[in-house]
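Visitor: Mind folding the following:
(one chain, ligands or ions: 1)
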Amino acid sequence: MSVRVVARIRPLLKSELEKDQIVTSHHHHGSDGAPTVIKIPNPKNLAEEFSFQFNSVYEQSATQQEIYEAEVAPTVKHLFLGYDVTIFAYGSTGTGKTHTMRGGKSLADRGMIPRLLSSIYRKSRAIEKSSEGDTTVAVSMSYYEIYNDRVFDLFEAPEKRTATGLPIREAEGGKTVVVGLTEVPCRSLKDFEALYDKANANRSTGATKLNSHSSRSHAILCVKLTITSPTETRVSTASAIDLAGSEDNRRTGNGKDRMVESASINKSLFVLAQCVEAISKKHQRIPYRESKMTRILSLGQNNGFTVMILNLAPVKSYHLDTLSSLNFANRTKRIEVREVENEPIFKGPSRPVTGAALTGATTQRQPLRPLNNGVNVNLTATREASTKNEKPAKAFAVYSDRSKPTNHQKSSPLKRTADNSFLGSGRPSKISRPTPSFIRRGPEPSTLTKASIETLVEQKVSEILAAHTLNAPDPAPAKNVSEEVQRRLDSIEKRLEGQDGERAEGLSYLFMAKQHQARGEDGSALKMYELARPYFPDNEKLQSKIERLKEKLARTRAESEAMPPEKPSSSRTHGKECRHENDGDDESFHDDGEESAYHDSDEDGPSHRARPRKQRQQQRRKARASSPDPLAQRGLAGGDTDVEAEAQPGTGTGTGTLTPRTQHLLDVINTRDVSRIKTLSGLGAKRAEGIVEYLNLAAEAECDTDGTVGNVVLRSWADLTRLRGVGKKTLETMREGVVV
Ligand SMILES: Nc1ncnc2c1ncn2[C@@H]1O[C@H](COP(=O)(O)OP(=O)(O)OP(=O)(O)O)[C@@H](O)[C@H]1O
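Guide: Reported below is the predicted structural model:
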């Protein structure tokens, strides 16, 4: 699979001023072809410029037609040869993703999607005509959005949605399918346009500070082509994705809901970036399973073509967002720092970039602050930072990096030649490749203190997470890691290995939270912990961590109103005392009761210390075992008595005797085997899947503090009546259909 990354700078909007433009396009050194380089000032030192190279760069004047012809049209022939094609639009809110993908109504404004469909229909007609009808091309499509990591069918009205969204399942051949997704045959461009317009009205949007009608979901249009000739049938899919805005929460003035959305968006974009990088670097394993979007697309699993269009706004009010996007798209490419003149405007790492310096006068944005939680960047140090051996003024950092950098490298001049080929053909230069700081910057074993062990452990956790995300073998362990550190790391690694699916998702939220917190970004950390919460519903520590963080944030807010802000980070890099201040941080959510790899056990609150984890778990299990009705006991289905069931004659209720029919139903359903459950009278495959999903969710909700998924077993007629999507009538039909 190849991936091509191109950048598109949108024109100035009416409200934007020419003088505020900061993003410029350039030819590569010595090239006189189309521009392939984007330049943007360093927000911390406007005298410096960063350069980013792409397969192509489209300037403000570029038309939809030009981009389509150069980037998308060439993939159509591959589609008809049976290859899959994926087109993404990536960028922050308001940079032109929807314009690029969907476009306007006029012929000239039509975006990539209608143009692609137009080409597909045209080519289909041509094939059918030239084969005199022997070969037929059927086009069908599905359109869904991934909103807060849930999949919703955009061909269905929003009121028909279930809160959990549509389930996804592994299908034959390792593909992932969305269960219950509408697939609509679509014979003509006209049909398509009507369907597409209607479906777009169902999209989840929300007002952020940056855009009053911002797309808060990833919208994925899948066009399936089935080409049937007398000798063979070929199926291929074109997926066109209008990604949700990648803006940073702090600058969009997002409220709680928007925050949760953004955290989900950021997570899936993070995984997408990993996939793009892995594909570009021709890694054998692509971490496509780590997010729903990449999983459903099976990104990198076929021999298809991927085009990523990076949408950029040209003005300085988007400065940090633009840098973040550029870095996202440039994971595999060199990032160069070119010093225009040696007069830094801002000195030192801790000085915030002021809103005045970066915010366009014409837009209503919050003041920009330096970002420390970008997912994909490691900018090289400025000259000043390196000469003084200070921590470089990083605009972004991938992972927590508490120890002092020891080895700043200055980037070299841009050497790479421009190319228009698909990415992955060349390796990025070693000089400018981000160095895994967690390996290079660790302290020597002889100087290992508790604090430095903590740091190393955290760094390694980040590394493991990254490796886990990449599904690739872990990078070589840090040299000179002491035995104690290694022992702890092994234990973390073991725990991570055993995680999969939803739970891994919960864990990755925890890790992200941890990383945010390590960088002192408590607000984002809190959101991540809150996102992790549903995955660890019984975890008291997580809950109390959330509470403590909330209190801390409230305290900080109150303090900052009362006094000038403290210098960041100086105290947080050292020792446990600081960790106590840091809200008694611990990471034992997935601890198995042994020594935590993340902290020393005395960090636990008094209540935890008084009653060890294992004891608490055992008590909980005992309580459950004595419960006659696990679902009622756990309050999962809302009811806590069997009143309704008791009114059912002959069905057997509670712990009382069960009729053979009810027992049979229970036995079959408790197998959680869709193929068996669907054989019950009155149930089809869809309902059977719904039942299994419900039971799995209930089991997930039962997830204990040690991560053991609870075993939810239905024991009575009353339990059956609580199954989601199974009404009384259906239950009766099921019961009557049992042959005893
Ligand atoms: N190439 C372009 N030519 C003319 N106008 C453009 C272009 N690109 C974007 N715009 C305009 O910029 C504004 C923002 O664009 P758009 O809504 O497509 O952004 P977006 O990235 O999809 O935002 P969001 O993520 O919030 O959905 C719109 O008014 C759109 O018409």
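Visitor: use CA for all of it now, contacts and neighbours both
Guide: Fine.
Visitor: Flag every residue of this structure that's near the ligand.
Guide: Within reach of the ligand by C-alpha under 6 Å from any ligand atom, the chain has these residues: 10-11, 92-99, 211, 214-215, 244-245.
Visitor: Just among those, which is most surrounded?
Guide: Top of the residues of the chain next to the ligand by neighbour number is A244, holding 31 neighbours under the definition other C-alpha atoms under 10 Å.
Visitor: Double-check that one against S217; I have them as touching.
Guide: Yes - between A244 and S217 there is a contact under C-alpha atoms under 8 Å: 4.9 Å.
Visitor: coming back round to it: so of the residues of the chain next to the ligand, which ones are in helices?
Guide: K97, T98, H99 (DSSP state H).
Visitor: who's in contact with the closest residue to the first one other than its chain neighbours?
Guide: Distances taken as C-alpha to C-alpha, 6 or more residues apart in numbering put A89 closest to K97, at 5.3 Å, once the chain neighbours are dropped. Taking C-alpha atoms under 8 Å, 6 or more residues apart in numbering as the definition of contact, the neighbours of A89 are K97, T98, T100, M101, I241, D242, L243, M308, I309, L310, N311.
Visitor: export these to TSV and tack on pLDDT?
Guide: Listed next are the contacts of A89 as TSV, based on pLDDT from 0 to 100:
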residue	pLDDT
K97	92
T98	90
T100	96
M101	95
I241	91
D242	87
L243	85
M308	90
I309	94
L310	94
N311	95
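Visitor: Strands - which of those land there?
Guide: Mapping the contacts of A89 onto strands (DSSP state E) picks out I241, D242, M308, I309, L310, N311.
Visitor: and the residue in the stretch 301-450 of the chain that the ligand sits nearest to, bridged to which residues?
Guide: Of all residues in the stretch 301-450 of the chain, N311 sits closest to the ligand, at 7.0 Å by C-alpha to the nearest ligand atom. Here N311 sits in beta bridges with R8, as judged by DSSP bridges.
Visitor: all strands of the stretch 51-200 of the chain, in order?
Guide: With strands called from DSSP state E, counting those that start in this stretch, the stretch 51-200 of the chain shows them at 56-58, 85-90, 136-147, 150-153, 168-170, 176-178, 184-185.
Visitor: Residues in contact with the third one: which ones?
Guide: The contact list for strand 136-147 (C-alpha under 8 Å, 6+ apart) reads 124, 127-128, 151-155, 181-187, 199, 203-204, 216-229, 261, 264, 292-293.
Visitor: same thing with the first one?
Guide: Around strand 56-58, the neighbours that count as contacts under C-alpha under 8 Å, 6+ apart are 5-9, 25, 34-38, 67, 420.
Visitor: Also the shortest one?
Guide: Here strand 184-185 makes contact (C-alpha under 8 Å, 6+ apart) with A138, V139, S140, M141, S142.
Visitor: G304 and I87 touch, don't they?
Guide: No - the pair G304 and I87 fails to qualify as a contact (C-alpha under 8 Å) at a distance of 10.8 Å.
Visitor: Tell me which of those two has more neighbours.
Guide: I87 (25 against 21).
Visitor: Give me the pLDDT value at P370.
Guide: P370 is assigned 30 on the pLDDT scale.
Visitor: picking up where we left off before, now the contacts of strand 56-58 in a markdown table, with pLDDT and neighbour count?
Guide: Formatted as a markdown table, these follow (pLDDT from 0 to 100; neighbours: other C-alpha atoms under 10 Å):
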| residue | pLDDT | neighbour count |
| --- | --- | --- |
| V5 | 88 | 24 |
| V6 | 93 | 23 |
| A7 | 94 | 28 |
| R8 | 97 | 27 |
| I9 | 97 | 23 |
| S25 | 90 | 22 |
| A34 | 84 | 17 |
| P35 | 88 | 20 |
| T36 | 88 | 24 |
| V37 | 90 | 23 |
| I38 | 91 | 25 |
| I67 | 97 | 20 |
| N420 | 32 | 14 |
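Visitor: what's the closest of the residues you listed to P660?
Guide: Set against P660, the nearest of the contacts of strand 56-58 by C-alpha to C-alpha is V5 (62.3 Å).
Visitor: I'd assumed N55 was in contact with that closest one.
Guide: Yes - in this structure, V5 is within contact of N55 by C-alpha under 8 Å, at 5.8 Å.
Visitor: The residue in the stretch 551-700 of the chain that the ligand sits nearest to: which element?
Guide: Going by C-alpha to the nearest ligand atom, the ligand is nearest to L553 of the stretch 551-700 of the chain, at 28.3 Å. Per DSSP states H and E: L553 is located in helix 540-562.
Visitor: which SSE is the closest residue to L680 other than its chain neighbours in?
Guide: Ranked by C-alpha to C-alpha, 6+ apart and with sequence neighbours excluded, the top spatial neighbour of L680 is M734, at 5.8 Å. Element membership for M734, per DSSP H and E: helix 728-736.
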